[in-house]
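[1] Structure for the following, please:
(one chain, ligands or ions: 2)
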Amino acid sequence: MESGKWLVEKRSSFKGDSSAKESENMSETGCLSIIVLGASGDLAKKKTFPALFNLYCQGFLPPDEVHIFGYARTKISDDDLRNRIRGYLASDRGSSMDRSEDLSKFLKLIKYVSGGYDDEEGFQRLDKSISEHEISKNSMEGSSRRLFYLALPPSVYPSVCKMIRQYCMNKSDLGGWTRIVVEKPFGKDLDSAEQLSSQIGELFDESQIYRIDHYLGKELVQNLLVLRFANRLFMPLWNRDNIDNVQIVFREDFGTDGRGGYFDEYGIIRDIIQNHLLQVFCLVAMEKPISLKPEHIRDEKVKVLQSVLPIKDEEVVLGQYEGYREDPTVPDHSNTPTFATMVLHIHNERWEGVPFILKAGKALNSRKAEIRVQFKDVPGDIFKCKRQGRNEFVIRLQPLEAMYMKLTVKQPGLEMSTVQSELDLSYKQRYQGVTIPEAYERLILDTIRGDQQHFVRRDELKAAWEIFTPILHKIDNGEMEPSMYKPGSRGPEEADQLLAKAGKRESNYCLVISTFVPSSLDFCFMGSVKITLLSQN
Ligand SMILES: NC(=O)C1=CN([C@@H]2O[C@H](COP(=O)(O)OP(=O)(O)OC[C@H]3O[C@@H](n4cnc5c(N)ncnc54)[C@H](OP(=O)(O)O)[C@@H]3O)[C@@H](O)[C@H]2O)C=CC1
Ligand SMILES: O=C1O[C@H](COP(=O)(O)O)[C@@H](O)[C@H](O)[C@H]1O
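    Ligands and ions are numbered 1, 2, ... in the order given. Below you'll find the predicted structure:
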């Protein structure tokens, strides 16, 4: 990228009518200030600063125009902040490249300002520091760009936004901008989310607000649109005539890991399902957008969310892992689910009658996030003597990104017997040497470029909360209790029973025995033998 030139899609800032916006390409020349509010916290050190460092190393944050500010209440110096985050920036995602020179240059770009989240003087000091940087870079007033990243608990979003609006906006509009990035959880239910949206909406236009959901930055989540709408193969199959059920699964093999206090207030539905899994659900189930413009994509997401029927109590299983309450920050009688499985039904022409099973859990037997699209049985099956496995299309978001299609094929040999095998696209094998960017890295770059495609729009958020609020209120009121499960297990047994009832069929387990590494083919057959009937989940 040419230093000093940013080719971006510039949006107009009319309130509430983002779909009507025309975009125009223009280059941005003003200097860029990235302000991490809550710089002393967990997210900032683990995700935000490392993502910024990776962008810096790749040349996306040129040192002659970018400056980074940390802001929080903790009284520390610039060097204290640099030392706090240094250890999180050192590794280069598995590569042996020495980045120590980049690291010291990057750390020099960071300044720290201490102040409260409703402290006028603090924000005036912050503005002064930003302005000094802008002046030192000869940035024309009004052309500078200010990106505020709120790595903070949502309780302080309104006051922080008010302070930014009052004291820290860029001064006029000569191609510059002010944008804010807010983290989930954005509210706790429909009312609180709407209230928060209104409070922030009074201060910033929708086009300035980037509601981040880091699952939208994952490589295979971003691939979903391409997969569905750029492949003729899938178009005629992606519907109720062919698909029996869809499972969207998130599993973690560790518990709340020192975040028990936060987690207990929210629970697994608010922490994972209402946002991450629902965003994946949208991309799997939505109709084709009329173009790739962010507003067109988000319009389709809203439509499918609005077509979801109310969740039935009997199609929800909640769990809590044994030992969860031993965390001193968790109340002794906490009812908070650390596991949930639920079935969503979509009332539209494409999906009527197809269960979408959303499942998420902490302290389970593995760490995995995947989408499983299970096809219907073959009608008029002529291979009756052996029960055939169903076709299944699996997209593994993590770890080890992959997608594979389970097919029934002839078992190689003289007999006419069948076996389940896989068309396998494992990214590590197919894209050797390619580094897959971290979700936060991609999304922060999008905020700088002004691309809101992978961010959650206000009406999308509202539709998402509408789906889950009734069930969340029942849990909060103690009307639904979680079943206990053992850490390291599959979760409560009732969850498997619910899945079986919803139509999920265990498929034949395939042992891939080929060591052939595809080099020129996108898809290849891999030899496999059926060893036993085992669950793959
Ligand atoms: N940590 C993670 O892995 C993830 C976090 N998130 C979200 O990101 C945001 C930040 O998360 P995280 O960094 O973990 O949060 P922290 O609890 O670490 O808080 C960040 C900073 O905010 C300040 N702070 C904490 N509590 C309060 C409070 N009650 N009132 C005012 N200020 C407070 C503290 O800074 P100081 O006291 O110095 O002002 C703290 O260092 C949250 O919205 C979270 O839900 C989302 C995904 C993952
Ligand atoms: O947002 C969150 O996500 C993480 C899981 O993210 P991943 O990218 O590692 O899958 C989860 O651990 C955390 O509880 C939640 O707040």
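[2] Leaving out chain neighbours, which residue sits closest to the residue in the stretch 101-250 of the chain positioned nearest to ligand 1?
    Ligand 1 sits closest to residue 183 of the stretch 101-250 of the chain, with a gap of 3.6 Å, by CB to the nearest ligand atom. For every residue, glycine as well, the C-beta is placed using N, CA and C. Nearest residue to residue 183, sequence neighbours excluded (CB to CB, 6 or more residues apart in numbering): residue 212, at 5.8 Å.
[3] Kindly confirm whether my reading is correct that the one you found touches residue 180.
    No. Under the contact definition of CB atoms under 8 Å, residue 212 does not touch residue 180, with a separation of 10.4 Å.
[4] Surely residue 396 is in a strand?
    Yes. Remark: residue 396 belongs to a strand, assigned using DSSP: H, G, I helix; E, B strand; the rest coil.
[5] Based on its surroundings, how many neighbours for it?
    Residue 396 has 19 neighbours, counted by other CB atoms under 10 Å.
[6] Check the one 3 residues further on too.
    Counted with other CB under 10 Å, the burial measure for residue 399 works out to 11 neighbours.
[7] Please tell me how far it sits from ligand 1.
    17 Å (CB to the nearest ligand atom, to the nearest Å).
[8] Who are the contact partners of that residue?
    367, 368 (CB atoms under 8 Å, 6 or more residues apart in numbering).
[9] now do the one 3 residues further on
    The neighbours of residue 402, taking CB under 8 Å, 6+ apart as the test, are 394, 395, 396, 424, 425, 426, 427, 428.
[10] Please repeat the previous calculation with a cut-off of 7 Å.
    396, 425, 426, 427 (CB atoms under 7 Å, 6 or more residues apart in numbering).
[11] Could you do residue 224 as well?
    Taking CB under 7 Å, 6+ apart, one finds 283, 284 in contact with residue 224.
[12] Flag every buried residue along stretch 157-167.
    Across stretch 157-167, burial judged by 16 or more other CB atoms under 10 Å covers 157, 158, 159, 160, 161, 162, 163, 164, 165, 167.
[13] what's the closest of these to ligand 2?
    Taking the buried residues of stretch 157-167 together and measuring to ligand 2 by CB to the nearest ligand atom, the closest member is residue 157, at 16.5 Å.
[14] Report the closest residue of the stretch 1-150 of the chain relative to ligand 1.
    Closest point on the stretch 1-150 of the chain to ligand 1, by CB to the nearest ligand atom, is residue 41, at 2.4 Å.
[15] what's the burial count for the nearest residue to that residue once chain neighbours are set aside?
    Counting by CB to CB, 6+ apart, residue 41 lies nearest to residue 151, which is 5.6 Å off, once chain neighbours are set aside. Applying other CB under 10 Å, we find 24 other residues in the vicinity of residue 151.
[16] just residue 58 next, same as before
    As a burial measure, residue 58 scores 14 neighbours (other CB under 10 Å).
[17] ditto for the one 10 residues further on
    Applying other CB under 10 Å, we find 27 residues neighbouring residue 68.
[18] Can you point out the buried residues in stretch 84-93?
    Buried, per 16+ other CB under 10 Å, within stretch 84-93: 84, 85, 86, 89.
[19] What are the contacting residues of it?
    With CB under 7 Å, 6+ apart as the criterion, stretch 84-93 contacts 45, 46, 49, 50, 53, 99, 103, 107, 435.
[20] ok, and the most crowded of those?
    residue 49 (29 neighbours).
[21] In the stretch 301-450 of the chain, where is pLDDT below threshold?
    384-388 (pLDDT under 70).
[22] where does it come near ligand 2, residue by residue?
    Residues of the stretch 301-450 of the chain lying close to ligand 2 (CB under 6 Å from any ligand atom) are residue 369.
[23] show me where the stretch 301-450 of the chain has strands.
    316-321, 339-344, 356-361, 368-375, 392-398, 402-410, 418-426 (DSSP state E, counting those that start in this stretch).
[24] Let me have those in a markdown table, adding distance to residue 485 as columns.
    Rendered in a markdown table, the data for the strands of the stretch 301-450 of the chain read as follows (distance: least, CB to CB, whole Å):
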| stretch | distance to residue 485 |
| --- | --- |
| strand 316-321 | 5 |
| strand 339-344 | 6 |
| strand 356-361 | 8 |
| strand 368-375 | 17 |
| strand 392-398 | 22 |
| strand 402-410 | 27 |
| strand 418-426 | 30 |
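[25] burial of the one residue in the chain that gets nearest to ligand 2, as a residue count?
    Closest approach between the chain and ligand 2, counting by CB to the nearest ligand atom: residue 271, at 4.8 Å. Using other CB under 10 Å, residue 271 has 24 other residues around it.
[26] For it, give me its contacts.
    So residue 271 contacts residue 263 (CB under 7 Å, 6+ apart).
[27] redo that, cut-off 8 Å
    Contacts of residue 271 (CB under 8 Å, 6+ apart): 185, 263, 360.
[28] and stretch 371-385, which residues are buried?
    For stretch 371-385, burial by neighbour count (16+ other CB under 10 Å) applies to 371, 372, 373, 374, 375.
[29] ditto for stretch 296-313
    297-308, 311.
[30] same deal with stretch 465-479?
    Going by neighbour count (16+ other CB under 10 Å), the buried part of stretch 465-479 is 465, 466, 467, 468, 469, 471, 472, 475.
[31] contacting residues around that stretch?
    Contacts for stretch 465-479 (CB under 8 Å, 6+ apart): 187-191, 193-194, 267, 269-270, 273-274, 278, 305-306, 308, 310-311, 313, 316, 318, 335, 337, 342, 344, 480.
[32] what does stretch 230-238 give?
    Residues external to stretch 230-238 that are found in contact with it (CB under 8 Å, 6+ apart): 227, 228, 229, 242, 243, 350, 375.
[33] Right, I'll call it a day here.
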